[in-house]
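K.L.:
task: produce atomic coordinates for the following.
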Amino acid sequence: MKLAEEGVRRSITQRELRNESAAVMDAVEAGETLTVTRNGRPVAEIRPIRRQKPPITTEELQRIFALSPAPDYALMRAEMDEFFGDDDRIRDEDYA
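P.N.:
As a prediction, the model looks like this:
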């Protein structure tokens, strides 16, 4: 299986995918994106997965949040009421 030129997406047939799956996977692992066709129509795309960043540790999160200001809950509530309205909000006096 021959690699496509830079910036050119190569199409392969369903049969080629089945018969040359190892070569297809090698091409994808090398960074190539392939379009799979069936009866001349594109039906799928095979592409490398994006490498994910490693997860943030608890210590990193604590350090990040330690630098953040404390939330102003009254302001948050006022902003939510302004945005969503407060017609259907359950109030303490509803249970008195």
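
K.L.:
could you list the buried residues of the longest helix seen in the chain?
P.N.:
Across the chain, the longest stretch assigned as helix under DSSP state H is helix 73-84. For helix 73-84, burial by neighbour count (16 or more other C-beta atoms under 10 Å) applies to no residue. Every C-beta, even on glycine, is put in place using the N, C-alpha and C of the backbone.

K.L.:
next one: it to chain centre, how far?
P.N.:
In terms of C-alpha atoms, centre = their mean, to the nearest Å, the centre of helix 73-84 is set 30 Å apart from its chain centre.

K.L.:
can you show me the CA trace of it as PDB?
P.N.:
C-alpha atoms of helix 73-84 as PDB (Å, rounded to 0.1, in the frame of the first residue of the first chain):
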ATOM      1  CA  TYR A  73     -23.100  32.900  45.700                       C
ATOM      2  CA  ALA A  74     -25.500  35.800  46.000                       C
ATOM      3  CA  LEU A  75     -24.300  37.300  42.700                       C
ATOM      4  CA  MET A  76     -24.500  33.800  41.100                       C
ATOM      5  CA  ARG A  77     -28.100  33.400  42.300                       C
ATOM      6  CA  ALA A  78     -29.000  36.900  41.000                       C
ATOM      7  CA  GLU A  79     -27.400  36.100  37.600                       C
ATOM      8  CA  MET A  80     -29.300  32.800  37.300                       C
ATOM      9  CA  ASP A  81     -32.600  34.400  38.300                       C
ATOM     10  CA  GLU A  82     -32.000  37.100  35.700                       C
ATOM     11  CA  PHE A  83     -31.200  34.600  33.000                       C
ATOM     12  CA  PHE A  84     -33.700  31.800  33.800                       C
END
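
K.L.:
helices along this protein, start to end?
P.N.:
Under DSSP H, the chain gives helices at 14-19, 21-29, 58-66, 73-84.

K.L.:
residue 61 versus residue 68, what's the distance?
P.N.:
Relative to residue 61, residue 68 is positioned 11 Å away (C-beta to C-beta, to the nearest Å).

K.L.:
more crowded one of these two?
P.N.:
residue 61 (11 against 7; other C-beta atoms under 10 Å).
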